[in-house]
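# What follows is a predicted protein model with its sequence.
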Amino acid sequence: MAVLTSSRTPSPEPQPRPLRSAAWFGEGDVGDHMRAFSHRSRVSQLGYLPEEYLGKPVIAILNTWSDINPCHMHLRERAEQVKRGIWQAGGFPLEFPVSTLSETFQKPTPMLYRNLLAMEAEELLRSYPVDGAVLMGGCDKTTPALLMGAASADLPAVFVPAGPMLRGNYRGTTLGSGTDLFGYWDEHRAGRIDDCELAEVGRGLARSPGHCMTMGTASTMTSIAEVLGVALPGSASIPAVDSAHHRMAAAAGIRAVELVREGRTIRDYLTAEAFHDAAATVFALGGSTNALIHLIAMAGRAGVELDLDDFDAISRRVPVLADLRPSGRYLMEDFYFAGGLPALLSQLAKAPGALHPDRPTVAGGTLAEHLAEAKVHNPDVIRSVDEPCDREGGLAVLRGNLAPDGAVIKYIASRNPGLLKHTGPAVVFDSYRELRENIDDPAYGITPQTVLVLRGAGPIGGPGMPEYGQLPIPRYLLEAGVTDLVRISDARMSGTSYGTCVLHVAPESHVGGPLALVRTGDPISLDVAARTLTLDVPEQELERRRAAWRRPEPRFERGYGALYQQHITQANQGCDFDFLARQGHNPQPDPH
């Protein structure tokens, strides 16, 4: 499919605007000064001629490439294509290596460092002589981090999605990253495949550069960037190794220069309507629960109020239109060739009130104009609103005495719909290590009726709210054919995961939330239709337990971890730092 790079109607003739970078280089109305002479001297040291940069928009390329991030292993090459577009449009590119958040390798979780990358992006854009930016990322936390930082800096910016990897393969069977990893691992634990077969699965799961090709958090967040209007239309689903990805990168570089000349900053696109459309798109895609946390944080940076009740209301009226794993059958490569996000949005727009089509996008023109010629090429992958995969968005926000500030469940990913209304006795684990070391022990008495509870895995307790929420099922139950249990935690789970998993319980147990008071044997009731999560213990007993509870000692005594635990907000507030989430003015640096 083609990537749309311009509006359906001509954009207004760009008007000359003062360049921010001119203050560093002593151009135009800012006049010359000693520091400007020094800056020009150092640019000469870099090997550039004055005519290559003076009077031209300087575009920062924030590149999250690294040797340890397989999702971004091709971004060093893609940065060259972005530069090609910037040069072609008359701009001057500067590439900045920024933190890489590898979902696979960074521990305890890259979520601990999302705000660090957001701070880095904001301060780089603020402190250097740049007029606009191209943001390059795709692995789960990278997209929201870059967009949060860019929103706070509020310069012209375009996001370049890293793109999904190619579909996996195992003995003629199509594999989906994450989703099939979990499934085949359980098959191995149950003794139904041996070590050699498991190794073969591992080699077939990830065959190329790019992020997960299921509708996990990575694809959900890059799709959000596109529907928000800050990535080029059609860009989110292009496979990372497809030549269309090269062309999209160059087009993004061109557009970044044009945005500077037009004086349009990223917050021109990050409106309340855009965030509501992004939430609707998450549900239409069957997207990741992690998107709720990130969208709340991103909206806060843009000065937009968004909360869990907004998500629940939108979920109830938006159908699931994408038949994508983990809740469906297909992968991102199939989605791309079926028409990608423009095709899905063209269908979603037919649902009353689902989208705000008159919003502007960084490509110029409105969302409606970019969807006017979008077509669905495979109706099995992208459904119509008349024949959806599901009539509602498949995600529910739960409340009750166990989650007074909310919890979430992706109920379309349940492997046993009968568990969506369930009461059972709790078996409680106080840490993921304790869970991992004891889950197969029959002495814990875990049965199909059990409600597994993990605490100490929230934003502070985790630390960083790791993706522990798809709690493992005991081996002896797997061997007996049990594929799902009700599982509750203050953790997150991978967007590629599945199961009847209640996540993001807030407040978390580490700060004294009700999850801290649960004891093994307590009855817990889940009712997704009623949106309730209840600890069936008398309030008098809970008060007694609350009085006896003591907050755990801080995990960090210094460094970034100490800053994190002092300022992180809870899941329902987006897990941003309180001092970054609030609105306020920061002065521009004086280049003299």
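Yep, it's here.
# Low-confidence regions, the protein specifically.
Applying pLDDT under 70 to the chain flags residues 1-16, 29-30.
# Apart from its chain neighbours, what residue comes closest to the spatially most central residue of it?
Among the residues of the chain, the one closest to the centroid is Met221, at 3.8 Å (C-alpha atoms, centre = their mean). Spatial nearest neighbour of Met221, chain neighbours left out: Thr143 (3.9 Å); criterion: C-beta to C-beta, 6 or more residues apart in numbering. C-beta coordinates here come from the backbone N, C-alpha and C atoms, glycine included.
# mind listing what the one you found touches?
137, 159, 161, 218, 221-222, 224-225, 294 (C-beta atoms under 8 Å, 6 or more residues apart in numbering).
# Likewise for Arg545?
Counting by C-beta under 8 Å, 6+ apart, Arg545 has contacts 517, 519.
# Could you rerun that using 6 Å?
Leu517 (C-beta atoms under 6 Å, 6 or more residues apart in numbering).
# Over to the one 4 residues further on?
Shown in contact with Trp549 (C-beta under 6 Å, 6+ apart): Ala516.
# in the stretch 401-550 of the chain, which spans are helices?
432-438, 475-479, 539-548 (DSSP state H, counting those that start in this stretch).
# quick one: which of the ones you listed is nearest Phe105?
helix 432-438 (17.5 Å; C-beta to C-beta).
# And the contacts of the closest one?
Against helix 432-438 from outside (C-beta under 6 Å, 6+ apart): 429, 454, 468.
# Could you list the buried residues of it?
Buried residues in helix 432-438, counting neighbours by 16 or more other C-beta atoms under 10 Å, are found at 432, 435.
# Kindly report the same for stretch 41-55.
43, 53-54.
# contacting residues around the nearest residue to Gln449 once chain neighbours are set aside?
Closest residue to Gln449 apart from its sequence neighbours, by C-beta to C-beta, 6+ apart: Gly424 at 4.3 Å. Contacts of Gly424 were listed using C-beta under 6 Å, 6+ apart, and they are 449-451.
# now do 10 Å
447-452, 485-486, 523-526 (C-beta atoms under 10 Å, 6 or more residues apart in numbering).
# Likewise for Leu147?
With contact taken as C-beta under 10 Å, 6+ apart, Leu147 is in contact with 118, 121, 135, 137, 157, 159, 221, 224-225, 228, 230-231, 266, 270, 294, 297-298, 301-302.
# In helices, which of those residues appear?
By the criterion of DSSP state H, membership of the contacts of Leu147 in helices covers 118, 121, 221, 224-225, 228, 294, 297-298, 301.
# Could you single out the nearest of these to Gly365?
For the ones in helices among the contacts of Leu147, the nearest to Gly365 is Leu228 (15.3 Å; C-beta to C-beta).
# my read: that closest one touches Ala291, true?
No: with contact defined as C-beta atoms under 10 Å, Leu228 does not reach Ala291; the gap is 11.7 Å.
# Find residues that contact each of these two.
With C-beta under 10 Å, 6+ apart, Leu228 and Ala291 have common neighbours 278, 281, 298.
# which one of those residues is nearest Thr173?
Nearest to Thr173 among the shared contacts of Leu228 and Ala291: Thr281, at 29.5 Å, using C-beta to C-beta.
# quick one: contacts for Glu281?
Slight slip there: residue 281 is Thr, not Glu. Thr281 touches 220, 223-224, 226-228, 287, 291, 314, 318, 321-322, 341, 344-345, 348, 354-355, counting by C-beta under 10 Å, 6+ apart.
# rerun at 6 Å
Here Thr281 is in contact with Val227 (C-beta under 6 Å, 6+ apart).
# May I have the phi/psi pair for it?
phi -70, psi -40 (degrees, to the nearest 10).
# Return the set of buried residues in the lengthiest helix in the chain.
Longest helix in the chain, counting residues (DSSP H): helix 243-262. The neighbour-count check on helix 243-262 (16+ other C-beta under 10 Å) flags 244-262 as buried.
# which residues in the stretch 251-400 of the chain form helices?
272-285, 290-301, 308-317, 332-337, 340-348, 367-371.
# The ones you listed: which one's closest to Arg167?
Of all the helices of the stretch 251-400 of the chain, helix 332-337 comes closest under C-beta to C-beta, at 5.2 Å.
# what comes into contact with that closest one?
Contacts of helix 332-337 (C-beta under 6 Å, 6+ apart): 164, 167, 213, 219, 237, 239, 381.
# thinking again about what came up before, roughly how far does the residue nearest to the centre of the chain sit from Leu295?
9 Å (C-beta to C-beta, to the nearest Å).
# Likewise for Gly340?
In terms of C-beta to C-beta, Gly340 sits 21 Å off from Leu295.
# Closest one of the buried residues of stretch 41-55 to Glu373?
After measuring those against Glu373 - C-beta to C-beta - the closest member comes out as Tyr53, at 38.0 Å.
# Contact partners for that closest one?
Phe92.
# Give me the phi and psi angles of it.
Backbone phi and psi, for Tyr53 under degrees, to the nearest 10, turn out to be phi -130, psi -30.
# Next: the one 10 residues further on.
Asn63 adopts backbone torsions of phi -110, psi 120, taken as degrees, to the nearest 10.
# Am I right that it is in contact with Met136?
Yes: Asn63 lies in contact with Met136 (C-beta atoms under 6 Å); the separation is 4.9 Å.
# And these two? Which one has more around it.
Met136 (27 against 22; other C-beta atoms under 10 Å).
# Was I right to think that one contacts Trp65?
No: if you go by C-beta under 6 Å, Met136 and Trp65 don't touch, sitting 7.5 Å apart.
# shared neighbours of these two, which are they?
With C-beta under 6 Å, 6+ apart as the test, Met136 and Trp65 both reach Leu75.
# Can you list the neighbours in contact with stretch 410-417?
In contact with stretch 410-417 (C-beta under 6 Å, 6+ apart) are residues 289, 326-327, 390, 394-396, 420, 483-484, 498-500, 528.
# If we use 8 Å, what do you get?
With C-beta under 8 Å, 6+ apart as the test, stretch 410-417 has contacts from 286, 288-289, 320, 326-327, 389-390, 394-396, 420, 483-484, 497-501, 528.
# And the buried ones among those, selectable in PyMOL?
Selection of buried members from these for PyMOL, criterion 16+ other C-beta under 10 Å:
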select buried, resi 286+288+289+320+326+327+389+390+394+395+396+420+484+497+498+499+500+501+528
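# can you give me the strands in the stretch 101-250 of the chain?
132-137, 157-161, 168-170, 173-175 (DSSP state E, counting those that start in this stretch).
# what's next to the last one, contact-wise?
Applying C-beta under 8 Å, 6+ apart, the set of residues contacting strand 173-175 from outside is 167-169, 201, 204-205, 331.
# The second one too?
By C-beta under 8 Å, 6+ apart, the surrounding residues in contact with strand 157-161 are 78, 82, 132-138, 143, 146-147, 150, 222, 225-226, 230-232, 235-236, 238, 248-249, 252, 255-256, 259, 265-266, 362.
# could you give the angle of that strand to helix 243-262?
On the basis of axes from the mean of the first three to the mean of the last three C-alpha atoms, to 10 degrees, strand 157-161 is oriented at 170 degrees to helix 243-262.
# How far off centre is strand 157-161?
14 Å (C-alpha atoms, centre = their mean, to the nearest Å).
# The strands of the stretch 101-250 of the chain into JSON lines, with extra columns for distance to Ile439?
Listed next are these as JSON lines, based on distance: least, C-beta to C-beta, whole Å:
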{"stretch": "strand 132-137", "distance to Ile439": "34"}
{"stretch": "strand 157-161", "distance to Ile439": "36"}
{"stretch": "strand 168-170", "distance to Ile439": "26"}
{"stretch": "strand 173-175", "distance to Ile439": "25"}
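# Having no further points to raise, I will conclude here.
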